[in-house]
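Q: need a 3D model of the sequence below.
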Amino acid sequence: MGITRLVPLAGLLILGACRQDPAPPVRQTREVAVDVRCTGLDVSFSVSPWHLELDEGDEVVWRLADASQTIEIRKRQSAWPFSDNRYSGTQADPPTGRAMKGGQRGRTFRYLVAVTCQGGEGARTVELDPDMYIKR
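A: Residues are numbered from 1 along each chain as shown. Predicted coordinates for the structure are as follows:
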């Protein structure tokens, strides 16, 4: 009889130990504007905002200025705040970070933005290194 009482209690303890922070509600979609220009051997670029501050629950979309380019988001660390990701895309179908995991407040995430553009010397990939911070 004592064993039957411990089994349900053990199940509750296991569930409590495995509990994760619930996903925060979606607040808003934040955009990062990416503009890369390849002219001959020269490259100029803009990423705005460079340091993206998010609230817990926000989503991100990376928008390319040039329709002829492709873009890829590359994580620089194993941790990543989103559980639903599209890491590569184009101007018409941009990469996104959605469904933020719970417990991300106060964390910084480093990533690369890799843009492939056409220049006088052919296709070239340019890597840019901004970051994200989950402020609240």
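
Q: please make it C-alpha for all contacts and neighbour counts, starting now.
A: Will do.

Q: and the residue positioned nearest the centre of the chain, what are its bridge partners?
A: In the chain, the C-alpha nearest the mean C-alpha coordinate belongs to Gly97, at 4.4 Å (C-alpha atoms, centre = their mean). Taking DSSP bridges as the rule, Gly97 bridges to Val60, Asn85.

Q: packing partners for the host helix or strand of Val113?
A: Using DSSP states H and E, Val113 maps to strand 108-119. In terms of contacts (3 or more C-alpha pairs under 8 Å, 6 or more residues apart in numbering; DSSP states H and E), strand 108-119 is packed against strand 29-39, strand 70-75, strand 122-128, strand 131-134.

Q: can you tell me the strand partners of the next helix or strand after the first one and which way each runs?
A: Proceeding N to C from strand 29-39, the next assigned helix or strand is strand 42-48, under DSSP H and E. Taking DSSP bridges as the criterion, strand 42-48 sits next to strand 29-39 (antiparallel) in its sheet.

Q: now do the buried residues in the partner strand.
A: By 16 or more other C-alpha atoms under 10 Å, the buried positions in strand 29-39 come out as Arg30, Val32, Val34, Asp35, Val36, Arg37, Cys38.

Q: which one of those residues sits closest to Ala65?
A: Asp35 (5.0 Å; C-alpha to C-alpha).

Q: how close does that closest one get to Ala79?
A: Distance, Asp35 to Ala79, by C-alpha to C-alpha, to the nearest Å: 26 Å.

Q: please apply the same query to Glu31.
A: Glu31 sits 21 Å away from Ala79 when distances are taken as C-alpha to C-alpha.

Q: sweet, I'm off.
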